[in-house]
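Asker: Build me a model from this:
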Amino acid sequence: MSKVAFMFPGQGAQYVGMGKDFYDTYEEAKAVYQLAGEATGLDVESLCFTENDKLNVTEYTQIAMLATEVAILKVVEAKGIKADVCAGLSLGEYGALAAAKVMELKDLFHLIRMRGLLMQEAYPVGGAMTAVLGMDADKIKEICDNTEGIVTIANYNCPGQIVITGEEEAVGKAAQALSEAGAKRCLPLKVSGPFHSALLEGAGKKLGEELEKVAIQNPQIPYVCNVDASYVKETTGIKELLEKQVSSSVCWQQSVENMIADGVDTFIEIGPGKTLTGFMRKINKDVKVMNIENIKDLDAVCQALSMNS
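Answerer: Numbering: from 1, shown residues only. Take a look at the predicted model:
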């Protein structure tokens, strides 16, 4: 019997118009965007569907991405497509929380709005992130550890792609040392802060205070958390993991490998872009990977799954 995982992308995949065909076609999707607006006091529909200069600013990106992921998810669920497990990269972990039904959507949207604000405010200038291509993780960690200042691994994305994060000067020095040590390329990322670094611990603590106000329940399906790639099957520890996630490394490759080891052979990326689908091809070429960012994709996935059933 095939085992299916839903996976949800993080920041960077957003674009104006994402989710619009679902919004126009399915009441379930439209209702999600409207609820996201009510929960946050923002015009989420305009943010996602009309040209604006806010979409790439963290405090707005996060709610726009999550609303789109959940809108598509609700249509996927209405079509009867079910997952055995789910996971999301960074911000995408909140998409996984929606799939696992850990909390009410209005609370989820409020939380992601606060997360975006807190991360934006935590370290507004002087932070940086850089993608390091073509170098072993242990070597990258060693060079970061030996670099003066704060620089650490933010994301274990897939073999040959790791992201480092921290103080701008330290990230620059580490990138230079990594290039000299044989990294294929070091690409600075267009981000507004040193996400997933110790510099954001304060933001995590403040998010923890917001989490205390929210009721959570046992996941209806397990999700795999970013912090240590473990399966989360009950409420114990969920709030602490989400607090830590803001300033901890994202163990994405390890999360995918754990799901595959557990028998998952079909992965469906839900949301804008195909970032995770691309990572998957470098992690394991033997599993089936599909993505849903528009209705055409949804129809193709429905057809593929019905042929397999």
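Asker: domains of the protein?
Answerer: Per automatic domain parsing, the structural domains of the chain span 3-122+199-308, 127-191.
Asker: now those as a markdown table including mean pLDDT and mean neighbour count?
Answerer: Bear in mind the C-beta positions are built from the backbone N, C-alpha and C, glycine included. Shown next, in a markdown table, are those (pLDDT from 0 to 100; neighbours: other CB atoms under 10 Å):
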| stretch | mean pLDDT | mean neighbour count |
| --- | --- | --- |
| domain 3-122+199-308 | 96 | 20 |
| domain 127-191 | 97 | 19 |
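Asker: doesn't residue 139 make contact with residue 162?
Answerer: No. Judged on CB atoms under 8 Å, residue 162 makes no contact with residue 139 at a distance of 9.8 Å.
Asker: all strands for the stretch 51-200 of the chain, in order.
Answerer: Ranges of strands within the stretch 51-200 of the chain are 85-88, 127-133, 151-158, 161-167, 185-188, based on DSSP state E, counting those that start in this stretch.
Asker: these two touch, right, residue 163 and residue 132?
Answerer: Yes. Taking contacts as CB under 8 Å, residue 163 lies within contact range of residue 132: 7.2 Å.
Asker: Could you measure from residue 188 over to residue 232?
Answerer: For residue 188, the distance to residue 232 equals 33 Å [CB to CB, to the nearest Å].
Asker: circling back to that earlier point, out of the strands of the stretch 51-200 of the chain, which is closest to residue 5?
Answerer: In terms of CB to CB, the element of the strands of the stretch 51-200 of the chain nearest to residue 5 is strand 85-88, at 5.0 Å.
Asker: Show me what the closest one is packed against.
Answerer: Judged by 3 or more CB pairs under 8 Å, 6 or more residues apart in numbering; DSSP states H and E, the packing partners of strand 85-88 are strand 3-8, helix 93-99, strand 223-224, helix 252-261.
Asker: Could you identify the helix or strand that succeeds the shortest one?
Answerer: What it means is strand 223-224. Counting by DSSP states H and E, the next helix or strand C-terminal to strand 223-224 is strand 231-232.
Asker: So what are the sheet partners of that next one and their directions?
Answerer: Strand pairing for strand 231-232, using DSSP bridges, gives strand 223-224 (antiparallel).
Asker: Any chance you could list what contacts the partner strand?
Answerer: Contact with strand 223-224 is made by 85-88, 93, 96-97, 99-100, 102, 230-232, 255, 258-259, as judged by CB atoms under 8 Å, 6 or more residues apart in numbering.
Asker: Show me which of those is closest to residue 270.
Answerer: residue 99 (8.0 Å).
Asker: what's near enough to touch the spatially closest residue to that closest one that is not a sequence neighbour?
Answerer: Excluding its sequence neighbours, the residue lying closest to residue 99 (CB to CB, 6 or more residues apart in numbering) is residue 86, at 4.3 Å. Going by CB under 8 Å, 6+ apart, residue 86 touches 5-8, 95-96, 99-100, 221-224.
Asker: just these now: which is nearest residue 283?
Answerer: The closest of these, once distances to residue 283 are taken by CB to CB, is residue 7, at 11.3 Å.
Asker: show me what contacts that closest one?
Answerer: When contacts are counted by CB under 8 Å, 6+ apart, residue 7 touches 86-89, 92, 96, 256, 267-270, 276.
Asker: CSV for those, including distance to residue 64?
Answerer: Formatted as CSV, the contacts of residue 7 follow (distance: CB to CB, whole Å):
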residue, distance to residue 64
86, 20
87, 21
88, 15
89, 16
92, 13
96, 18
256, 25
267, 24
268, 21
269, 17
270, 15
276, 18
